[in-house]
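*Asks:* Fold the following.
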Amino acid sequence: MAKGEINVQITGPVYPQTLVKQHYKRPLCIGISISHSDPLAGTGTLGCFVRKRGESELLILSNNHVLANTNNAQIGDAIIQPAREDDGKEDTDQIASLKEFVPLKTGEMNFIDAATATVKNTAVGQISELSGICSLKGFYNQQEFENVVDDDSHEFMVAKVGRRTGLTWGQIIDYDMDYVPVPYNRELNNCIFNNLITIEGNGNKAFSRRGDSGSIIVDQDGYAIGLLFAGTDMGGGNGCGITYAIPISEVLKELDLELALT
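*Replies:* Predicted coordinates for the structure are as follows:
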C-alpha cells in the first residue's frame, strides 16, 4: 500500500498478546515463556538477547507489558522463567532483573512497548538461535525494511517463535499503520500506537495469539524486522487475526541497544 492511502480492516479489538503452558527451560533461549514475578503480571515471550551499546552485560528484550508489569514494576524486580501463569516461582525460577522499560501512556501517542532485563546467574544457550528457523543475523533499519517489502520481485515472508503458538510464518500487510488503540488494563485502557507493522499468518493459521507478546519477528534469512506486542482474533486475509509489531530498529534506537549475536 502506498503512503497516503488508507487501509481499512475489520478486525475486532486489538489485544496485547499475553496469555498453552510452557515449561522450565535451561539453558535460556529465544521464544520461551517469561513474565514479571508479580502474580497478576501478563505472560509473554523472551524475544531475543541484547546488550546496551558498547557494553558486555547480557540482557533479555521483550515488552513492557511482559517484563515491566505494564508500567507497574520497579527497576530490579525479578523476571521468571517459566512465567507465573506457567507455574514459575520467584524463589526458584528467577532468571533476570528488570533493567529498563519505555512507559506506556493512555490517551496519548505511543510508538514502543518494550523493556529489558539483566540475565542473572542463569545458563544461556545459543543466544542467536531461533528454533526451526535459523540464527538471528542482524536487523533491518526502517528504510531497508520498507524497500524490501515494496520490492515486488520476490515474496517477503516473516516468522517468529513464541510461547503460545511456537513457530509461525506470515506476510506483511503494512509497515506504517497508525492510530491503533490497545487496551492494556483499567489504567491504560486507550493506548494509541503509530508506525506499526501489521502481519497475517500463512494459510489458515494465525501468526500469533495471546502469550506470544515479546517475540522477535525475522525474515527467512534471520534478519529482525519487529517486536511483536499485540494482535486481534479475527481479520486479515485468512480471517485468523492480525498481528502488530514495533519496528525493531526503533526499539533498539530508543533503548540504545544492539542485538547479541554471539
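*Asks:* So what sits opposite the closest residue to Gly76 other than its chain neighbours in the bridge?
*Replies:* Among residues not flanking Gly76 along the chain, Ser97 sits closest, at 5.2 Å (C-beta to C-beta, 6 or more residues apart in numbering). Quick note: C-beta positions are derived from backbone N, CA and C, even for glycine. Beta-bridge pairing of Ser97 under DSSP bridges involves Ala78, Thr118.
*Asks:* got the contact list for Ser97?
*Replies:* For Ser97, the contact set (C-beta atoms under 8 Å, 6 or more residues apart in numbering) comprises 76-79, 117-118, 120.
*Asks:* in what helix or strand does Gly226 lie?
*Replies:* strand 223-231 (DSSP states H and E).
*Asks:* Please parse the protein into its domains.
*Replies:* 15-125, 129-249 (automatic domain parsing).
*Asks:* Need the three-state assignment for the closest residue to Ser62 other than its chain neighbours.
*Replies:* In this structure, Ser62 finds its nearest non-sequential neighbour in Gly214, 3.3 Å apart by C-beta to C-beta, 6+ apart. What DSSP: H, G, I helix; E, B strand; the rest coil gives for Gly214 is coil.
*Asks:* Please tell me how far Gly214 sits from Leu59.
*Replies:* Counting by C-beta to C-beta, to the nearest Å, the gap between Gly214 and Leu59 amounts to 13 Å.
*Asks:* Looking at the two, which is more packed in?
*Replies:* Gly214 (35 against 21; other C-beta atoms under 10 Å).
*Asks:* show me the contacts for that one.
*Replies:* Neighbours of Gly214 in contact, by C-beta under 8 Å, 6+ apart: 34, 44-47, 61-63, 66-67, 162, 227-229.
*Asks:* Can you add distance to Leu196, neighbour count and secondary structure and give these back as TSV?
*Replies:* Shown next, in TSV, are these (distance: C-beta to C-beta, whole Å; neighbours: other C-beta atoms under 10 Å; DSSP: H, G, I helix; E, B strand; the rest coil):
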residue	distance to Leu196	neighbour count	secondary structure
Ile34	23	30	strand
Gly44	17	32	strand
Thr45	18	32	strand
Leu46	22	30	coil
Gly47	16	33	coil
Leu61	18	25	strand
Ser62	17	31	strand
Asn63	13	31	coil
Val66	17	34	helix
Leu67	20	32	helix
Gly162	17	30	strand
Leu227	11	27	strand
Leu228	11	28	strand
Phe229	9	32	strand
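*Asks:* Just the closest of these to Pro181, please.
*Replies:* Phe229 (13.3 Å; C-beta to C-beta).
*Asks:* sorry, back to before: and the residue nearest to Gly76, how far is that from Ser37?
*Replies:* Ser97 is 10 Å from Ser37, by C-beta to C-beta.
*Asks:* Stretch 115-134: which residues count as buried?
*Replies:* Buried residues in stretch 115-134, defined by neighbour count with 16 or more other C-beta atoms under 10 Å: 115-119, 127-130, 133-134.
*Asks:* follow-up on the earlier one: among the domains of the chain, which is nearest Leu255?
*Replies:* Among those, domain 15-125 sits nearest to Leu255 (C-beta to C-beta), with 6.2 Å.
*Asks:* Phi, psi for Asp150 please.
*Replies:* phi -80, psi -10 (degrees, to the nearest 10).
*Asks:* What of His36?
*Replies:* phi -70, psi 160.
*Asks:* what is Lys52 paired to in the beta sheet?
*Replies:* Counting by DSSP bridges, Lys52 forms beta bridges with Leu257.
*Asks:* and it, what does it touch?
*Replies:* Applying C-beta under 8 Å, 6+ apart to Lys52 gives the contacts 59, 256-258.
*Asks:* Check the spacing between it and Leu61 real quick.
*Replies:* In terms of C-beta to C-beta, Lys52 sits 11 Å off from Leu61.
*Asks:* So for those two, which residues contact both of them?
*Replies:* By C-beta under 8 Å, 6+ apart, the residues touching both Lys52 and Leu61 are Leu257.
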